[in-house]
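Q: Sequence and predicted model, in that order:
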Amino acid sequence: QVQLVESGGGLVQPGGSPRLSCAASGFTFSSYATRWYRQAPGKEREFIAGISNTGGVTSYADSVKGRFTISRVNTKNTVYLQMNSLKSEDTAVYYCNAARSSGLQFWGQGTQVTVSS
């Protein structure tokens with residue numbers, strides 16, 4: 001059974017630095033590029049960070065570049081999103097995605113991150 005399970009969300013103060021994790025199971029994780037998306041209330045889901053299957057290539061949305069870092073440990077079947085200097089506009093549900101070039105992709109159920117004092 002394919003699963004992507006996000007964790008690490010919650011209530012965070014402005015300026016905080018939480019780390020999200022996404023644990024994969026049920027497929028060959030090291031063969032899939034992985035991405036983080038987020039969806040704020042009333043807005044469309046947006047891409048924020050991606051990493052190649054080997055971890056050698058990363059990309060970021062302009063809105064998070066310099067503040068967020070994506071990484072992965074294939075031996076642990078886990079991808080991470082280190083978030084720094086959080087702002088209220090980072091409040092959203094954060095989703096993990098694993099995808100291959102063939103179009104096959106999997107989604108996690110999401111984890112809520114709320115930035116508020």
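A: It's in. Residues are numbered from 1 along each chain as shown.
Q: Next, count neighbours for Lys87.
A: Residue neighbour count, defined by other C-beta atoms under 10 Å, stands at 12 for Lys87. (Each C-beta comes from the backbone N, C-alpha and C, glycine too.)
Q: what sits against it?
A: Residues near Lys87 by C-beta atoms under 8 Å, 6 or more residues apart in numbering: Pro14, Val115.
Q: State the pLDDT value of it.
A: Lys87 is assigned a predicted lDDT (pLDDT) of 96.
Q: Over to Gly110?
A: pLDDT, Gly110: 97.
Q: what separates it from Ser17, distance-wise?
A: Counting by C-beta to C-beta, to the nearest Å, the gap from Gly110 to Ser17 is 20 Å.
Q: Neighbour count for the two, which is higher?
A: The residue with more neighbours, out of Gly110 and Ser17, is Gly110; 18 against 11, by other C-beta under 10 Å.
Q: so that one touches Ala92, yeah?
A: No: at 9.1 Å, Gly110 does not count as touching Ala92 under the criterion of C-beta atoms under 8 Å.
Q: who touches both of those two?
A: Gln39.
Q: which residues does the residue nearest to the spatial centre of the chain contact?
A: When C-alpha atoms, centre = their mean is applied to the chain, the residue found nearest the centroid is Trp36 (3.0 Å). Residues in contact with Trp36 (C-beta under 8 Å, 6+ apart) are 20, 22, 47-50, 70, 79, 81, 94-97.
Q: In terms of distance to Ser30, which of these ranks first?
A: Nearest to Ser30 out of those is Val79 (C-beta to C-beta; 11.1 Å).
Q: how near is that closest one to Gly55?
A: Look at Val79 and Gly55: by C-beta to C-beta, they are 9 Å apart.
Q: Now do the shared contacts for the two.
A: Ser71, Arg72.
Q: the more surrounded of the two?
A: Val79 (31 against 16).
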